[in-house]
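K.L.:
fold the stuff below for me.
(2 chains)
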Protein chains: 2
Amino acid sequence: MKRHPQLKRLMPTATPPRHHVHRSKQRAAYDRSLVHAILDAGLLAHVGFSVDGQPFVIPMLYARDGDALLLHGAVASRLMRALGSGIEACASITHLDGLVIARSQFNHSANYRSVVVFGRATAIEDASAKAAALTRLVDALIPGRAAESRPADRKELAATSVLRLDIVDASAKVRSGDAEDKPEDLALPYWAGVLPLHQQAQAPIANADLDPGIAVPASIHRFSSDPRFHA
Amino acid sequence: MKRHPQLKRLMPTATPPRHHVHRSKQRAAYDRSLVHAILDAGLLAHVGFSVDGQPFVIPMLYARDGDALLLHGAVASRLMRALGSGIEACASITHLDGLVIARSQFNHSANYRSVVVFGRATAIEDASAKAAALTRLVDALIPGRAAESRPADRKELAATSVLRLDIVDASAKVRSGDAEDKPEDLALPYWAGVLPLHQQAQAPIANADLDPGIAVPASIHRFSSDPRFHA
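P.N.:
Prediction:
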């Protein structure tokens, strides 16, 4: 990761981009691989859409599938139905890597990697496509887990809404490295630096009702020791 | 935190609540202190709003100030201007506490604490109120830091947009504890349990240009060792 803030956009379209970051034009670039890397490092998206003029932002687990995000929820959820009806949506994925502590309050900031995705979500209706998407979602979140769990049956599939949000437009933004104070502030008697943060995995905790003869499988070990979740 | 999922709402209003979670009605409750606790445990909000029918979800540092969120950004940002003009907004704060691994794919889930806040953001225009809000934001994020940094000068204040999002309505949702499989799935030969995750702080990193005579101050030590950021 570079030292300085960067802004990258994915898949520029013929229509005007929706996420011009006018503040950072000099940092603009187009980089699908950066967008994918930030998406693949995450588990949780904040998905936004409006219903009758009221904006909603809902936290959802997600997995990237090519240039789409897979999402899921309850069929009976009014918000899932609205989101899956093909309205405009925006999903934001952010890794907060630290707080940036400057000598001036103004230059306090955060180190982060974030992607904002624009597109429309559509519900996967076909039963076998839905089953495949759900399995793909489980396996993308915890690789290898799909083979170590019971697939959804017909009733469970009917109760589950699986959405595919095709990415029409996306932008990535990254800040890393030191605080940047004005030259005249460098002599101030204040500490400056970074307070690093990261999403840490701990050892898996077995269910209280688990047969003690069942060992932690390889997929769970791999997840627990995934470098994404260790500093 | 209780073992089972809970749903709590804050400040019910006379108008119909905007965030009915029809799936979980039996878990509904009203608890401002839970909402505040979840907000106070976090640093990053995902703020959603629509401009010309296009939803945006923007990651922003925040601080709770009573029943409001303080947010800030660049005055020159088109999105900040739109958000600060008093349009409907929704802010979502989520702590992902783990992945829940069930014997059935259907019952895979996440442990989390989340709050969804509804209201309208307004820009604080008065210079001294804005300076006070910016200092409050710095001090809420890193308690004690405001006294150890240079306050914004007039030019910096003019370049900064400080928004106050008054919470009109909010809901909290919490899931914790074991995976919950159907009784007939308990005999399946699959592992079940939780993969815990949490936001971890590491030791502060001093700026490369820091005078080596300046020690890490108490505020930074306190943040680094804050139990919120240690498992």
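K.L.:
in chain A, which spans are strands?
P.N.:
Along chain A, the segments classed as strands by DSSP state E run A:6-10, A:28-30, A:44-51, A:54-61, A:63-65, A:68-74, A:85-101, A:109-123, A:160-175, A:193-201, A:205-206.
K.L.:
single out the most deeply packed of the ones you listed.
P.N.:
Of all those, strand A:44-51 has the most neighbours on average by mean count of other Cβ atoms under 10 Å in any protein chain shown, namely a mean of 24. All C-beta spots, glycine's among them, are computed from the backbone N, C-alpha and C.
K.L.:
so which elements touch that strand?
P.N.:
Where contact means 3 or more Cβ pairs under 8 Å, 6 or more residues apart in numbering or on different chains; DSSP states H and E, strand A:44-51 is packed against strand A:54-61, strand A:68-74, helix A:78-83, strand A:85-101, strand B:44-51, strand B:54-61, strand B:85-101.
K.L.:
domain parsing for chain A?
P.N.:
The record's domain parsing of chain A by automatic domain parsing lists A:6-199, A:203-231.
K.L.:
my guess is A:Ala170 contacts A:Ser92. True?
P.N.:
No. Under the criterion of Cβ atoms under 8 Å, A:Ala170 is not in contact with A:Ser92, lying 10.3 Å apart.
K.L.:
joint contacts of those two?
P.N.:
Residues within reach of A:Ala170 and of A:Ser92 at once, by Cβ atoms under 8 Å, 6 or more residues apart in numbering or on different chains, are A:115-117.
K.L.:
for these, could you give me a markdown table that also reports distance to A:Ala208 and pLDDT?
P.N.:
Output for the shared contacts of A:Ala170 and A:Ser92, formatted as a markdown table (distance: Cβ to Cβ, whole Å; pLDDT from 0 to 100):
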| residue | distance to A:Ala208 | pLDDT |
| --- | --- | --- |
| A:Val115 | 37 | 96 |
| A:Val116 | 40 | 96 |
| A:Val117 | 38 | 96 |
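K.L.:
which of those residues sits closest to chain B?
P.N.:
Of all the shared contacts of A:Ala170 and A:Ser92, A:Val116 has the smallest distance to chain B: 6.7 Å, by Cβ to the nearest Cβ.
K.L.:
doesn't A:Ser171 make contact with the closest one?
P.N.:
Yes. Between A:Val116 and A:Ser171 there is a contact under Cβ under 8 Å: 5.4 Å.
K.L.:
A:Ser176 - how many residues pack around it?
P.N.:
A:Ser176 is flanked by 17 other residues according to other Cβ atoms under 10 Å in any protein chain shown.
K.L.:
next: A:Asp185.
P.N.:
Neighbour tally, A:Asp185, other Cβ under 10 Å: 18.
K.L.:
which residues does it contact?
P.N.:
A:102-104, A:107, B:150 are the contacts of A:Asp185 under Cβ under 8 Å, 6+ apart.
K.L.:
out of the domains of chain A, nearest to B:Ser50?
P.N.:
domain A:6-199 (4.7 Å; Cβ to Cβ).
K.L.:
how much space between the most centrally placed residue in chain A and chain B?
P.N.:
In chain A, the centroid-proximal residue (Cα atoms, centre = their mean) is A:Ile93; its distance is 3.3 Å. For A:Ile93, the distance to chain B (Cβ to the nearest Cβ, to the nearest Å) stands at 9 Å.
K.L.:
returning to what we had before: nearest approach to B:Ala127 belongs to which of the helices and strands packed on strand A:44-51?
P.N.:
With Cβ to Cβ, the closest approach to B:Ala127 among the helices and strands packed on strand A:44-51 belongs to strand B:85-101: 19.5 Å.
K.L.:
relative orientation of that closest one and strand B:160-175 in degrees?
P.N.:
40 degrees (axes from the mean of the first three to the mean of the last three Cα atoms, to 10 degrees).
K.L.:
show me what strand B:85-101 pairs with in its sheet, parallel or antiparallel.
P.N.:
With DSSP bridges as the test, strand B:85-101 is paired with strand B:44-51 (antiparallel), strand B:109-123 (antiparallel), strand B:193-201 (antiparallel).
K.L.:
contacts for the shortest one, please.
P.N.:
Under the criterion Cβ under 8 Å, 6+ apart, residues A:46, A:48, A:50, A:53, A:55-57, A:59, A:90, A:92, A:94, A:96, A:110, B:55-62, B:69, B:71, B:79, B:82-83, B:87-94, B:117, B:121, B:165 lie in contact with strand B:44-51.
K.L.:
shaky segments in chain A?
P.N.:
Applying pLDDT under 70 to chain A flags residues A:1-30.
K.L.:
ends of stretch A:175-195, how far apart?
P.N.:
Across its full length, stretch A:175-195 reaches 14 Å end to end, with Cα to Cα, to the nearest Å as the criterion.
K.L.:
picking that back up, need the helices and strands packed on strand A:44-51 in CSV (columns: distance to A:Pro196).
P.N.:
Converted to CSV, these look like this (distance: least, Cβ to Cβ, whole Å):
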stretch, distance to A:Pro196
strand A:54-61, 23
strand A:68-74, 28
helix A:78-83, 34
strand A:85-101, 4
strand B:44-51, 15
strand B:54-61, 15
strand B:85-101, 18
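K.L.:
who wins for proximity to A:Asp139 among those?
P.N.:
Closest approach to A:Asp139 among the helices and strands packed on strand A:44-51 (Cβ to Cβ): strand A:68-74, 10.6 Å.
K.L.:
quick check: angle from the closest one to strand A:54-61?
P.N.:
Using the same axes, to 10 degrees, the inter-axis angle of strand A:68-74 relative to strand A:54-61 is 100 degrees.
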